[in-house]
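> Sequence and predicted structure below; questions after.
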Amino acid sequence: MEKPRWLEFLSSRLRSQISIENAEKAQTWGFAFLALVALGFALQSVGAAQGNPMQLYPTKVLFLILFHPVMILAFYLPGLLQKEEKPVARLLNVKDYTSLTSVSLILAFYAAIVLVVSFQAAAGSPEIAPPPFLGGVAWANFIFSLFYLAVCVFYFSALLWFPQALVKMLERSQKSSPVFLILHTLFFLLLAFGYSELIPFGSASFLEQFRTAGLFWIFIGASVFLIGKLLGESSIPALAGLELDVASGQLERNEEVLERLKEAFVSKRLFLWVNRLSHRAATQAHEIAQLTHDAISVVGREKPTEIDLRLVEDRYRRADQVSNRLEKENQRFLLSASFFDSSDAEREKIEELRDLFSREMRNAKLELASIRKRIDERLVSLKNSLPLPQIAHQQKALPEKIPVAAAAAASAK
């Protein structure tokens, strides 16, 4: 493509990108305003019902009732209808490790809030005790909510220390979405039936409580969406820089322009995260190679001492530990990347890092297997070449003991 046509295309793409990002900024401010307004009206309603436990307790139950359709419509149903398309990640705008961590933290926080409200609904209060049926369902709902919070804690723990366990759990839970969808539907119906024992549906009290609980859920949903929107990155500076480079003649080849155009839509945080992991993987691979080289140089000596052999085992053990850290980094990377809603250009960067991890891990395993074999062969050769000092000592000491015994026998006579 000629330079004037490139400039025309880039100018058009820049204008459209500015329009898109302005609309996204307006949407972000809209979510922020909606969250604040919903929270303000919800707190006002709770403050008005603070002195009336008969009004506050059913509101908590209704809050839990709404929790289940929110989970069905926001998480489980889109996942079943759009398999392999990551609808939840696209909905929450999870595009890099930072947004994944931030969204996960706020979801864990709201899971803790649902657990607290579930306990309050199950335990009741000094002024009001839940009916037997509603109390039993509320305690079952509390256990169900406790499971969600435990999953959040396990997720963060596994992501930091044992990602392989989380990978196995996700592989086994791929077919569990219909089960959780059924459980949420069941709890929704049971809690609604128990709520009807307190407040009739359609009454004025029900409408007021529904308004309060709904406002809280509007705030929760808007705040979760707001996190992803606030962490979104702009592609306008990269496109403007590309247009300037093409206009000034610094980029003339079509391949270079296409590569820069593709990189303009790659998240900077994702790019830095991938580069940091690539550098760490290369550093760990170099450390493994250095340790194995040192072990080979020591074990290859003509007459290694016991200190040398202990040094060889220490080098091998340290190389094996670095290899385990490299494998854990790879598992953590693959696990995190599986949650991202990435574009084609971002997926290419992720695939490059995946290939790097695969290559370095394969080389590390081959080096460790090779050095282990050479160490064992060298130890066997040293064992076969060494004399047996204990047996030789016994053979030399045996003729000395015979005259002593004979002399003792002669003196006894």
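Thanks, I have the structure now.
> Am I right that residue 296 is in contact with residue 374?
Yes: the pair residue 296 / residue 374 is scored as a contact, 6.5 Å apart, by CB atoms under 8 Å. C-beta coordinates here come from the backbone N, C-alpha and C atoms, glycine included.
> So, low pLDDT: which residues of this structure?
1-3, 51, 53, 84, 174, 302, 384-413 (pLDDT under 70).
> Could you pull up the residues touching the residue lying closest to residue 264 once chain neighbours are set aside?
Excluding the flanking residues, the one nearest residue 264 by CB to CB, 6 or more residues apart in numbering is residue 238, at 3.7 Å. With contact taken as CB atoms under 8 Å, 6 or more residues apart in numbering, residue 238 is in contact with 260, 263-265.
> Which strand or helix spans residue 238?
Assigned by DSSP states H and E, residue 238 falls within helix 236-248.
> Buried ones among the contacts of residue 238?
For those, a burial check counting by 16 or more other CB atoms under 10 Å picks out 260, 263-264.
> can you put the residues you listed in CSV and add distance to residue 246 and secondary structure?
Below are these laid out as CSV (distance: CB to CB, whole Å; DSSP: H, G, I helix; E, B strand; the rest coil):
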residue, distance to residue 246, secondary structure
260, 9, helix
263, 14, helix
264, 12, coil
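> so which of those comes closest to residue 323?
residue 263 (32.3 Å; CB to CB).
> Pretty sure the closest one sits against residue 345.
Yes: using CB under 8 Å, residue 263 makes contact with residue 345 at a distance of 6.6 Å.
> can you tell me which residues contact the nearest residue to residue 191 once chain neighbours are set aside?
Distance criterion CB to CB, 6+ apart; nearest residue to residue 191, sequence neighbours excluded, is residue 65 at 4.7 Å. Contacts for residue 65 were tallied using CB under 8 Å, 6+ apart; they are 188, 191-192, 195, 213.
> now do 10 Å
By CB atoms under 10 Å, 6 or more residues apart in numbering, the residues touching residue 65 are 58, 121, 141, 187-192, 194-195, 210, 213.
> In the helix or strand encompassing it, which residues are buried?
Secondary-structure assignment from DSSP H and E places residue 65 in helix 53-71. Across helix 53-71, burial judged by 16+ other CB under 10 Å covers 55-68, 71.
> State the pair within those that is farthest apart.
So, the buried residues of helix 53-71 by CB to CB: farthest apart are 55 and 71, at 25.8 Å.
> report the angle between the axes of the host helix or strand of residue 272 and helix 236-248?
In this structure, residue 272 sits in helix 268-299 according to DSSP H and E. Here the directions of helix 268-299 and helix 236-248 differ by 90 degrees (axes from the mean of the first three to the mean of the last three CA atoms, to 10 degrees).
> Show me what helix 268-299 is packed up against.
When contacts are defined as 3 or more CB pairs under 10 Å, 6 or more residues apart in numbering; DSSP states H and E, helix 268-299 packs onto helix 97-123, helix 306-337, helix 344-385.
> Next, report how far the shortest one is displaced from the centre of its chain.
This means helix 97-123. The offset between the C-alpha centroid of helix 97-123 and the centroid of the whole chain comes to 17 Å, using CA atoms, centre = their mean, to the nearest Å.
> before we move on, what about the second one?
How far helix 306-337 lies from its chain's middle: 22 Å, per CA atoms, centre = their mean.
> What of the last one?
Here the centre of helix 344-385 is set off from its chain's centre by 26 Å, with CA atoms, centre = their mean.
> How about the strand or helix carrying residue 141, which residues are buried there?
Assigned by DSSP H and E, residue 141 falls within helix 132-160. Along helix 132-160, these residues count as buried under the neighbour rule (16+ other CB under 10 Å): 134-135, 137-142, 144-145, 148-149, 152, 155, 158-159.
> Repeat that for stretch 309-318.
Result for stretch 309-318 [16+ other CB under 10 Å]: buried residues 309, 311-312, 315-316, 318.
> Rebuild those residues as CSV, extending it with distance to residue 164.
CSV is the format used below for those (distance: CB to CB, whole Å):
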residue, distance to residue 164
309, 33
311, 31
312, 29
315, 26
316, 23
318, 21
